[in-house]
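In: I'll drop the sequence and a predicted model, then ask my questions.
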Protein chains: 2
Amino acid sequence: MADLKYEITEHIAVLSESPKGWTKELNLISWNGREPKYDIRDWAPNHEKMGKGVTLTIEELDKLRKILGDLV
Amino acid sequence: MADLKYEITEHIAVLSESPKGWTKELNLISWNGREPKYDIRDWAPNHEKMGKGVTLTIEELDKLRKILGDLV
């Protein structure tokens, strides 16, 4: 991931924070200058390092939203 | 990830499918025999390989659900 450029274009929400200060977040991220996508990922304090995560299109996020609404 | 044991305890939903047949899914997965967690991840056809993803506790999933409900 060292040569991957990204920009967090919108901080949407922090889902949780670990005792060491890593946060699990939902953000809008532009990868390599492309159109921003939704992204759920762990981050070190101050976003200095990124952990594993998934990138979601608006269609995937919308489907996830409907599923989660039905789950509860 | 080679020494990580997991079991998909519940297939909840397929969020999308790529032209090569990889699917992005929401499942309940037990890692190393622990209590299952929610998991959003890419999978090769027939779940033969797993891609990157995030694991979510019920609390994180619930927070995500509320956020997504507000987003639209």
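Out: Ah, there it is.
In: what's the strand ranked longest in chain A in contact with?
Out: Counting residues, the longest strand in chain A under DSSP state E turns out to be strand A:6-17. For strand A:6-17, the surrounding residues in contact (CB atoms under 8 Å, 6 or more residues apart in numbering or on different chains) are A:23-32, A:36, A:38, A:40, A:47, B:56-57, B:59-60, B:63-64, B:67, B:71. No exception for glycine: its C-beta is placed from N, CA and C like everyone else's.
In: From the chain's centroid, how far away is it?
Out: Remark: strand A:6-17 is offset 6 Å from the chain centroid, using CA atoms, centre = their mean, to the nearest Å.
In: Which stretches in chain A count as strands?
Out: Using DSSP E, strands in chain A cover A:6-17, A:23-31, A:37-43, A:50-56.
In: quick one on the thing from earlier: list buried residues within the contacts of strand A:6-17.
Out: Buried members of the contacts of strand A:6-17, scored by 16 or more other CB atoms under 10 Å in any protein chain shown, are A:23-27, A:29-30, A:36, A:38, A:40, B:56, B:60, B:63-64, B:67.
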